[in-house]
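Visitor: With the sequence up front, the predicted model follows.
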Amino acid sequence: MITLAVDFTDPESYLALGPSIRMAQELKEQLEVVPFRITRRPTQKKTSTEHETVGERHARVRSNYQELNLRRYFERQGLPYRKIEETDSTAALVGLLKAGAAKKSIEYAITIFNRFWNNSIDLTSKSVDRILEELKIAEQPNQDLVLCREKLIERGIFSTPMYVVADQVFMGRQHLPMIRWILTGRLGVPPL
Amino acid sequence: MEALVTPHRLIVYLDVKSPYAFLAKDPAYQLEDEFNIEIDWRPLTLDIPSYLGSAKTNTRGEVVESKRSPQQWLAVRYAYMDAKRYARLNDIILYGTQKIWDSSFAGIAMLWAKQHGRKELRSYLDIVYERFWRRDLDIENSEVMASVLLEAGVNTDGFVDYLYGQGRLIHDELQGKLHPAGIFGVPTFVIDGEIYFGREHLPSIRWHLSGCKGRAPDVAYQHFGG
């Protein structure tokens, strides 16, 4: 079983979804996509300011790099990249819990990610309800996002995208070779 | 020395106090050998307290002084745990450091070693990384660094003058050019005008070295050994 924690407003979560699904299918391993709301860092200024500290400059340069890097890998995966303003993903994450209860978390996550990043939906309850209906996800008992978060924190998750596999946590899709190595019996040279 | 300019195919920025740079060293060697290139190894001396807060631990690993936020602690703890996990599986010893070191002597010594040959430079990097992460090397001591150079087969005549003179100037001037060039951490790879931060991009570096043939790869921590 592979658990993947995502937030729909997190571009790294979107980048992790496709490769994770493909690997799970290839290994015939169950993948559950679970919600974990992250607090987005305030956007860094793109240019330097007069009294910038070393720490502020580091954060700005890092932030500019991260955006370039996201654009690079979105392009490689053929995904639409856009800058996301502060967006409350709560309704979509509750929807993911409902989809998970109906064993449709992957289908739901693909739909929400694709449409949200294509800018064809927002993440309001109305949009989420429409997609749940479209995916024929029946009304589920109330899902407790806070409780789910607490349980994920207990398992070691503190950000997104994070994986839990065989009681180990991994942050980022760069760990997929390690996850594959673990799930296929730890044979051969381990990834580095 | 300009941050992004090199006569070589690939620039790699390292800092001995980064466990992630340590883990990137051998796969980078593998690419250097596979493609028969010479890597332009360069120092990037991390100013960790400026962006991750600072902390000191005692010999039992207990925090005795900290200026880090809870979020910074989570990120730092995870980063060390993750690096140790990969290190353990690859027979690399990584003990957590007990303070944030000034690694500029090690960086300047790397520049010195680079002038004395590729084999000697690798030998120097291997000794420095292995001992530092076993807590068996004082990288802030100029005599210790000179003895490591000697052990690596590097002539040290004039090294101390270089360490405090020309080497320090080159090092400090380069550090001042890194942020304006978009470089902020290690390991950083510069190839074909593109900057890649982190060893997860080594598949992309390999793709560049192969002439950008086929589909550009995704990020991955992977081994390039046979």
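Guide: Happy to help now that I have it. Predicted model, so just to flag it, every value in this text is computed and none were measured.
Visitor: ok, so what distance separates residue A:130 from residue A:9?
Guide: Going from residue A:130 to residue A:9 by Cβ to Cβ, to the nearest Å gives 19 Å. All C-beta atoms are positioned from the backbone trio N, CA, C, and that covers glycine.
Visitor: And for residue A:160?
Guide: Distance from residue A:160 to residue A:9, by Cβ to Cβ: 9 Å.
Visitor: Now the common contact residues for the two.
Guide: residue A:38 (Cβ atoms under 8 Å, 6 or more residues apart in numbering or on different chains).
Visitor: Run through the residues of chain A sitting next to chain B.
Guide: A:19, A:53-55, A:57-59, A:61-62, A:64-65, A:68-69, A:72-73, A:76-77, A:158-159, A:168-178, A:189-192 (Cβ under 8 Å from any Cβ of the partner chain).
Visitor: same thing but at 6 Å, please
Guide: Within chain A, the positions adjacent to chain B are A:54-55, A:57-58, A:61-62, A:65, A:76, A:158, A:174, A:177, A:189-192 by Cβ under 6 Å from any Cβ of the partner chain.
Visitor: Of the residues you listed, just the buried ones, ChimeraX syntax please.
Guide: Of the residues of chain A next to chain B, the buried ones can be selected in ChimeraX as follows, counting by 16 or more other Cβ atoms under 10 Å in any protein chain shown:
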select /A:57,58,61,62,65,158,174,177,190,191,192
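Visitor: Name the nearest of the residues of chain A next to chain B relative to residue A:38.
Guide: residue A:158 (9.2 Å; Cβ to Cβ).
Visitor: So for residue A:130 and residue A:9, which residue has more residues nearby?
Guide: More crowded of residue A:130 and residue A:9, by other Cβ atoms under 10 Å in any protein chain shown: residue A:9, with 22 against 12.
Visitor: Helix, strand, or coil at that one?
Guide: Judged by DSSP: H, G, I helix; E, B strand; the rest coil, the three-state class of residue A:9 is coil.
Visitor: pLDDT weak spots in chain A?
Guide: A:40-45 (pLDDT under 70).
Visitor: Kindly report the domain assignment for it.
Guide: A:2-40+A:84-183, A:43-83 (automatic domain parsing).
Visitor: Please work out which residues outside stretch A:115-129 touch it.
Guide: A:8, A:14, A:80, A:87, A:89, A:91, A:92, A:95 (Cβ atoms under 6 Å, 6 or more residues apart in numbering or on different chains).
Visitor: ok, and the most crowded of these?
Guide: Sorting those by how many neighbours each has (other Cβ under 10 Å) puts residue A:95 first, at 29 neighbours.
Visitor: Tell me the spacing between that residue and chain B.
Guide: 27 Å (Cβ to the nearest Cβ, to the nearest Å).
Visitor: what's the distance between the residue lying closest to that residue once chain neighbours are set aside and chain B?
Guide: Leaving aside its sequence neighbours, residue A:95 sits nearest to residue A:128 (Cβ to Cβ, 6 or more residues apart in numbering or on different chains; 4.1 Å). Using Cβ to the nearest Cβ, we find residue A:128 at a distance of 28 Å from chain B.
Visitor: Tabulate the CA atom coordinates of stretch B:11-28 in PDB.
Guide: Provided in PDB are the C-alpha atoms of stretch B:11-28 (Å, rounded to 0.1, in the frame of the first residue of the first chain):
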ATOM      1  CA  ILE B  11      29.900  22.800 -12.800                       C
ATOM      2  CA  VAL B  12      29.000  21.100  -9.500                       C
ATOM      3  CA  TYR B  13      28.800  23.300  -6.400                       C
ATOM      4  CA  LEU B  14      29.400  21.500  -3.100                       C
ATOM      5  CA  ASP B  15      29.800  22.200   0.600                       C
ATOM      6  CA  VAL B  16      31.200  19.600   3.000                       C
ATOM      7  CA  LYS B  17      28.700  20.400   5.700                       C
ATOM      8  CA  SER B  18      25.800  19.300   3.500                       C
ATOM      9  CA  PRO B  19      24.800  15.700   3.800                       C
ATOM     10  CA  TYR B  20      23.000  16.000   0.500                       C
ATOM     11  CA  ALA B  21      26.100  17.200  -1.300                       C
ATOM     12  CA  PHE B  22      27.900  14.200   0.300                       C
ATOM     13  CA  LEU B  23      25.300  11.800  -1.200                       C
ATOM     14  CA  ALA B  24      25.600  13.500  -4.600                       C
ATOM     15  CA  LYS B  25      29.400  13.200  -4.800                       C
ATOM     16  CA  ASP B  26      29.700   9.600  -5.900                       C
ATOM     17  CA  PRO B  27      26.900   9.600  -8.500                       C
ATOM     18  CA  ALA B  28      28.500  12.800  -9.900                       C
END
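Visitor: average pLDDT across that stretch?
Guide: Stretch B:11-28 shows a mean pLDDT of 97.
Visitor: Repeat that for stretch B:140-155.
Guide: 98.
Visitor: Tell me which residue in chain A sits closest to chain B.
Guide: residue A:174 (3.5 Å; Cβ to the nearest Cβ).
Visitor: can you pull out the strands in chain B?
Guide: Using DSSP state E, the strands found in chain B span residues B:10-14, B:39-43, B:55-57, B:63-66, B:188-191, B:194-197.
Visitor: So which of the residues of chain A next to chain B belong to helices?
Guide: Among the residues of chain A next to chain B, the members found in helices (DSSP state H) are A:54, A:55, A:57, A:58, A:61, A:62, A:65, A:76, A:177.
Visitor: got the contact list for the last one?
Guide: Counting by Cβ under 6 Å, 6+ apart, residue A:177 touches A:191, B:220, B:222.
Visitor: re the thing from before, what's the closest non-adjacent residue to the residue of chain A closest to chain B?
Guide: Residue A:174's closest residue in space is residue B:200 (Cβ to Cβ, 6+ apart), at 3.5 Å.
Visitor: Same question for residue B:214.
Guide: residue B:207 is the one closest to residue B:214 (Cβ to Cβ, 6+ apart), at 7.5 Å.
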